[in-house]
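Okay, sequence plus prediction incoming.
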Amino acid sequence: MIISNNILATPDVVRTFGMRFREYRLRLKMTRAEVSAVSGIGMTTLYKFESGNMVDISFRTLYRLLRVIGLDDSWENILPELEESPYLYKKGKKVQRVRHSK
C-alpha cells in the first residue's frame with residue numbers, strides 16, 4: 001500500500017527490507033539455517049521476513065540480521081550524527097525538550 005507523496009506504509013518497508021535481505025544473503029552464499037544460527041533468529045521468522053509475509057519486525061531482530069550480512073553500521077546512514085547547533089541553546093543552557101506556548 002502506498003501512502004500519499006510516495007511514502008511507503010510500514011508493512012511495505014518491512015517487505016522491501018526482507019526481500020533485499022534475501023538478495024544479500026544469497027550473494028554471500030549463506031543458507032537460512034546459517035543466518036538463523038549466527039543471528040539467533042528462528043527459521044520461521046527468517047522465512048517470513050525474506051518472503052515478504054512479515055509486516056512488522058523489531059529493531060533488535062533487524063539489527064541482528066544486518067550484523068550477519070555485515071551491514072550493522074548502516075543505521076548511521078539512516079540517522080547520521082548532527083553537528084551541534086547554536087539554536088539549541090537558550091540562556092547558555094542546552095534545550096532538552098520543545099514546548100509550544102498555548
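Yep, that arrived. Numbering: from 1, shown residues only.

which residues in this protein form helices?
With DSSP state H as the criterion, the chain has helices at 10-27, 32-39, 43-51, 59-68, 75-78.

can you list these in JSON lines and add mean neighbour count, distance to Arg99 and mean pLDDT?
(C-beta placed from N, C-alpha, C; glycine too.) Formatted as JSON lines, the helices of the chain follow (neighbours: other CB atoms under 10 Å; distance: least, CB to CB, whole Å; pLDDT from 0 to 100):
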{"stretch": "helix 10-27", "mean neighbour count": "15", "distance to Arg99": "29", "mean pLDDT": "94"}
{"stretch": "helix 32-39", "mean neighbour count": "16", "distance to Arg99": "42", "mean pLDDT": "97"}
{"stretch": "helix 43-51", "mean neighbour count": "16", "distance to Arg99": "40", "mean pLDDT": "96"}
{"stretch": "helix 59-68", "mean neighbour count": "16", "distance to Arg99": "28", "mean pLDDT": "94"}
{"stretch": "helix 75-78", "mean neighbour count": "9", "distance to Arg99": "27", "mean pLDDT": "79"}
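
and of these, who's closest to Pro86?
Among these, helix 75-78 comes nearest to Pro86, with 24.1 Å by CB to CB.

CA atoms only: put that closest one into PDB for me.
Extracted in PDB, the C-alpha atoms of helix 75-78 (Å, rounded to 0.1, in the frame of the first residue of the first chain):
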ATOM      1  CA  TRP A  75      22.000   2.700  10.800                       C
ATOM      2  CA  GLU A  76      24.500   5.600  10.700                       C
ATOM      3  CA  ASN A  77      23.300   6.400   7.200                       C
ATOM      4  CA  ILE A  78      19.600   6.500   8.300                       C
END
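
Name the residues that touch that helix?
Residues outside helix 75-78 that contact it (CB atoms under 8 Å, 6 or more residues apart in numbering) are Tyr63, Leu66.

Mind pulling up the pLDDT for the residue of the chain positioned farthest from its centre?
In the chain, the residue that sits farthest from the middle, by CA atoms, centre = their mean, is Lys91; the gap is 37.2 Å. You'll see Lys91 listed with a pLDDT of 78.
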